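Undergrad: Model the structure of this input:
(one chain, ligands or ions: 1)
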Amino acid sequence: MEYSELLDSQKRFFNSGGTRDLKSRKAALKKLMNILKSNEARLSEAVMADFGKSAFDAYATELGLIYSEIKFQMRHLRGFARPHRAKTNLANMPGRFFTVAEPFGCILIIGAWNYPYQLTLVPLVDAIAAGCTCMLKPSEMAPAASKLLAELLNSNFSSEYIFVAEGGADVASSLFSLRFDKIFFTGSPRVGKIVYEAAAKNMTPVTLELGGKSPVFVTADANLEDAAKRIVWGKFLNAGQTCVAPDYVYVEESILPQFISLLKAQISFNKYEDGSENYARIIDRRHFDRILALIDPSKVVYGGSTNADTLYIEPTVMSGVDWDDKVMKEEIFGPVLPLLTFRNLDEAISEAAKRDKPLAAYIFTSSKRKQEAMIRRLSFGGGCVNEVVMHLANENVPFGGVGASGIGSYHGRAGFDCFSHVKSILLKRSLFEPGFKYPPYTKRHFCIIRRLL
Ligand code: NAD
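TA: Sure thing, here's the model as predicted:
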């Protein structure tokens, strides 16, 4: 079937009220949970085949997060979907206000390859909870995961409700041109712009989950062992191919040698060898070459070895880096960690703030003033103090970027809202009419309206 026909059938299903009933939304969420649980082994094998991602990582960074989101939405969706009373202001008395969340309708979800399940299925869970139909296009760059998602969802859900379309930019482009009620896109800022432009032609609302260069600041008063342990984990998770991974570290100059030793010890301890289950591969040759071109061998203080046959790049730390280096000109999205130094934290924050707003930012410090300086002076999607990456693993807070790193957010309540339009309704039962509202207007009318508004 053509995608336009599929969308028409989803529109008919949506307009017939097929997604409105809360019980059937919960049933769909439960069904999704069961499909995933009974196929966990196959789901792990697929990401292992795509880029060497281990079963531990597949569970910890993908399936586990999807299960939490399903449980959250099942627990809360009745409360989110019911009408909510709102206060009435003086100008509208007597009358009652309430708000109702209505599902946007037919949603298009386009995913990135680096977390191929989580990035398509968490928005799907939120869209189902909100009462929408969905078409999903996972990334063609993780082909085994994309194929399995298509098989599992297309054989278990009717295509008028949920459908997985497989393919690359050509399929994505033909989907963008259709009149969806919302497009949810995860990927690079470059393609995000293409999506935004295509959506504008149909006035289709978008949520854009993009990337950027997420900084980490490490001050001399931090617990440096903890900082090194957590930064190494967050940076080399998925071989650095994580949207909220620390992109670069700004280290206070006085502790640089000590911090480098701690980073080296931690990387060795974690055993990120070629072929190890602790470490993923680079997704393809193009990215492998792109990442290598960012490494300046004269600045490497750890790592740097590679294997083109297995698409392995050893965790690599570069020191003495500044903003003119190639590695600072784009999102790294790979296992290369540049270290910059500062003497004055405020100046380092100002330097970071001159660039595009990142998806995440982190600071390691024991000083409350320094934490606050980073949080207040730098604009970023979300982040952590004395930790990295973990802020995205809590469905009680929104997740999303700002500026160049994205538009809108999801996860938990924000996820339900992402796929809902909130209608404000005034219920006017009384026949009482305040006469000042109607012409012909007099000075007295003007006095009353001034007092009311
Ligand atoms: P990408 O932008 O290359 O691809 C994303 C999706 O867009 C894929 O499904 C792809 O098929 C499609 N696409 C690619 N080119 C297209 C085109 N010309 N026209 C239409 N569609 C096109 O991104 P990627 O390489 O899959 O992922 C890496 C990027 O995604 C990084 O920038 C990373 O930071 C970001 N990311 C963000 C998040 C987040 O939650 N904010 C999560 C993961 C990745």
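Undergrad: what residues are up against S159?
TA: 1, 6, 9-10 (CB atoms under 8 Å, 6 or more residues apart in numbering). For the C-beta atoms, the positions are set from N, CA and C on the backbone; glycine is no exception.
Undergrad: repeat that for 6 Å
TA: For S159, the contacting residues are L6, by CB atoms under 6 Å, 6 or more residues apart in numbering.
Undergrad: Could you check how far it is from D309?
TA: S159 sits 40 Å away from D309 when distances are taken as CB to CB, to the nearest Å.
Undergrad: Show me what from the stretch 51-200 of the chain comes close to the ligand.
TA: Applying CB under 6 Å from any ligand atom, we find that the stretch 51-200 of the chain lies next to the ligand at 110-114, 119, 137, 139-141, 168-169, 172-173, 186-188, 191, 194.
Undergrad: Then the stretch 301-450 of the chain?
TA: The interface of the stretch 301-450 of the chain toward the ligand, taken as CB under 6 Å from any ligand atom, is made up of 331, 333, 359, 401, 406.
Undergrad: which SS class is the first one?
TA: Which is E331. The three-state label given to E331 by DSSP: H, G, I helix; E, B strand; the rest coil is coil.
Undergrad: Extract the CA atoms of the helix or strand S174 falls within and return them as PDB.
TA: Assessed by DSSP states H and E, S174 sits inside helix 169-176. As requested, C-alpha coordinates have been extracted for helix 169-176 and formatted as PDB (Å, rounded to 0.1, in the frame of the first residue of the first chain):
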ATOM      1  CA  ALA A 169      16.100   9.500   3.500                       C
ATOM      2  CA  ASP A 170      13.900   8.800   0.400                       C
ATOM      3  CA  VAL A 171      11.200   7.100   2.500                       C
ATOM      4  CA  ALA A 172      11.500   9.800   5.200                       C
ATOM      5  CA  SER A 173      11.100  12.600   2.600                       C
ATOM      6  CA  SER A 174       8.000  11.000   1.100                       C
ATOM      7  CA  LEU A 175       6.500  10.600   4.500                       C
ATOM      8  CA  PHE A 176       7.300  14.300   5.400                       C
END
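Undergrad: Can you list the buried residues in that helix?
TA: By neighbour count on 16 or more other CB atoms under 10 Å, the buried set for helix 169-176 is 172, 175-176.
Undergrad: Look up the pLDDT of A199 for me, please.
TA: For A199, the pLDDT comes out at 95.
Undergrad: For it, give me its contacts.
TA: So A199 contacts 183, 206 (CB under 6 Å, 6+ apart).
Undergrad: and it, how far is that from F399?
TA: Here the distance between A199 and F399 works out to 21 Å (CB to CB).
Undergrad: Then Q118?
TA: Applying CB to CB, one obtains 11 Å for the distance of Q118 from F399.
Undergrad: now do L7
TA: For L7, the distance to F399 equals 27 Å [CB to CB].
Undergrad: and after the host helix or strand of L32, which helix or strand comes next?
TA: Using DSSP H and E, the element containing L32 is helix 22-37. Past helix 22-37, further along toward the C-terminus, the next helix or strand under DSSP H and E is helix 40-51.
Undergrad: buried sites along that next one?
TA: For helix 40-51, by 16+ other CB under 10 Å, it's 43-48, 50-51.
Undergrad: Dump those to CSV, plus pLDDT.
TA: Putting those into CSV (pLDDT from 0 to 100) gives the following:
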residue, pLDDT
L43, 98
S44, 97
E45, 97
A46, 98
V47, 97
M48, 96
D50, 97
F51, 94
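Undergrad: Please render those as CSV that adds distance to S430 to the earlier fields.
TA: Supplementary listing: the buried residues of helix 40-51 in CSV, determined by distance: CB to CB, whole Å:
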residue, distance to S430
L43, 58
S44, 62
E45, 65
A46, 61
V47, 61
M48, 66
D50, 63
F51, 64
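Undergrad: Just to check, P138 is in contact with L148?
TA: No. Taking contact to mean CB atoms under 6 Å, the distance of 9.4 Å between P138 and L148 leaves them out of contact.
Undergrad: Looking at those two now, which is surrounded by more residues?
TA: Shown here are P138 and L148; by other CB atoms under 10 Å, P138 has more neighbours (28 against 23).
Undergrad: now the closest residue to that one other than its chain neighbours: how far from M135?
TA: The spatially closest residue to P138, leaving aside those adjacent along the chain, is S146, at 4.1 Å (CB to CB, 6 or more residues apart in numbering). Applying CB to CB, one obtains 14 Å for the distance of S146 from M135.
Undergrad: neighbours around the spatially closest residue to P434 that is not a sequence neighbour, how many?
TA: Counting by CB to CB, 6+ apart, I448 is the residue found nearest to P434 once chain neighbours are left out, at 7.9 Å. By the other CB under 10 Å criterion, the neighbourhood of I448 contains 16 residues.
Undergrad: Tell me the predicted confidence for the closest residue to the ligand within the chain.
TA: Scanning the chain for proximity to the ligand using CB to the nearest ligand atom identifies G211 as nearest, at 2.0 Å. The model reports G211 with a pLDDT of 94.
Undergrad: Count the neighbours of it for me.
TA: When neighbours are defined as other CB under 10 Å, G211 has 30 of them.
Undergrad: now swap in P358 and tell me
TA: P358 has 26 nearby residues by other CB under 10 Å.
Undergrad: That one in helix, strand or coil?
TA: Using three-state DSSP, the three-state assignment for P358 comes out as coil.
Undergrad: same check, this time on the one 5 residues further on
TA: The local conformation at I363, judged by three-state DSSP, is strand.
Undergrad: Run through the helices of the stretch 51-200 of the chain in chain order.
TA: For the stretch 51-200 of the chain, the helices defined by DSSP state H, counting those that start in this stretch cover 55-58, 64-81, 118-130, 143-156, 169-176, 189-201.
Undergrad: Contact partners for K264?
TA: K264 makes contact with Y302 under the criterion CB under 6 Å, 6+ apart.
Undergrad: What confidence value was assigned to it?
TA: The score at K264 is 98. That number is its pLDDT.
Undergrad: L339 versus that one, what's the distance?
TA: Using CB to CB, which is the criterion applied here, K264 is 12 Å from L339.
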